[in-house]
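Chemist: Let's see this in three dimensions:
(2 chains)
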Amino acid sequence: SQQGEEDPQALSIQEGENATMNCSYKTSINNLQWYRQNSGRGLVHLILIRSNEREKHSGRLRVTLDTSKKSSSLLITASRAADTASYFCATDDWAGNNRKLIWGLGTSLAVNP
Amino acid sequence: GAGVSQSPSNKVTEKGKDVELRCDPISGHTALYWYRQRLGQGLEFLIYFQGNSAPDKSGLPSDRFSAERTGESVSTLTIQRTQQEDSAVYLCASSLVPGGNQPQHFGDGTRLSIL
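Modeler: Predicted coordinates:
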């Protein structure tokens, strides 16, 4: 079963604009991860945020986590055409088997040049 | 190798045939995962291996699906008597150790098409 739900399902923006994607989850977590998937490729890990962290940065990426709302957001600033991809969030399950990640359905981002 | 390697990259076969998919994880990674991804969808967990422990097979959709891994090396996913609904991309991932605080490293997948 899917733990996370990303929204929007699809997002189309112009190069240079910022892109924001959201992820909501159901159970308490220890960690939340974001991944990118380019068409026809495997997933690439972007960033991990722990449940005791509220914000994390990596280059043009900013991730926030609100455990009270069970939600996270991924912000990509100054987007580029190369950022076109699907973005997935994944969580562990604090109370359950935390050896597996539970995946959302993804947001498809198109950055138009 | 530098990354997770999967083979074949594409497989087309007739309904009813058996297929075997291979995953070569990053050297030293003790945890290995298989996922299924249908077109435009998220990842569906299939099976997880951790060292020499018993695998977690809770995601395998039917008894036609099986997987093996010897120690911390190569894994094979076998689908017997394939059906059209098995058409999907099968992704393999490995991580240094298991756990939600570990990034998973993915191969590019095997795209399986059942005619």
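
Chemist: List phi and psi for whichever residue of chain A sits closest to chain B.
Modeler: The nearest approach of chain A to chain B comes at residue A:92, 2.3 Å away (Cβ to the nearest Cβ). (C-beta placed from N, C-alpha, C; glycine too.) Per-residue torsions, residue A:92: phi -90, psi -180 (degrees, to the nearest 10).

Chemist: And the nearest residue to it once chain neighbours are set aside, how close does it get to residue A:50?
Modeler: Closest residue to residue A:92 apart from its sequence neighbours, by Cβ to Cβ, 6 or more residues apart in numbering or on different chains: residue B:100 at 2.3 Å. Using Cβ to Cβ, to the nearest Å, residue B:100 is found at 10 Å from residue A:50.

Chemist: What of residue A:62?
Modeler: The gap separating residue A:62 from residue A:50 is 16 Å, by Cβ to Cβ.

Chemist: returning to that earlier point: I'd like to know how many residues surround the residue nearest to residue A:92.
Modeler: 23 (other Cβ atoms under 10 Å in any protein chain shown).

Chemist: give me the beta-bridge partners of the spatially closest residue to residue B:44 that is not a sequence neighbour?
Modeler: With sequence-adjacent residues excluded and distances taken as Cβ to Cβ, 6+ apart, residue B:44 is closest to residue B:36, at 4.6 Å. Residue B:36 has the following beta-bridge partners by DSSP bridges: residue B:44, residue B:90.

Chemist: so residue B:36 makes contact with residue B:88?
Modeler: Yes - the pair residue B:36 / residue B:88 is scored as a contact, 4.9 Å apart, by Cβ atoms under 8 Å.

Chemist: So between residue A:62 and residue A:50, which is more surrounded?
Modeler: Neighbour totals were compared for residue A:62 and residue A:50, and residue A:62 leads with 17 against 14 (other Cβ under 10 Å).

Chemist: I'd assumed residue A:72 was in contact with that one.
Modeler: No - Residue A:62 lies out of contact with residue A:72 (Cβ under 8 Å); the separation is 11.0 Å.

Chemist: list the contacts for residue 109?
Modeler: Picked chain A for this. A:10-13, A:19, A:21, A:76, A:79, A:83-87 (Cβ atoms under 8 Å, 6 or more residues apart in numbering or on different chains).

Chemist: wrong chain, I was asking about chain B
Modeler: A:41, A:42, B:6, B:9, B:37, B:89, B:90, B:91, B:92.
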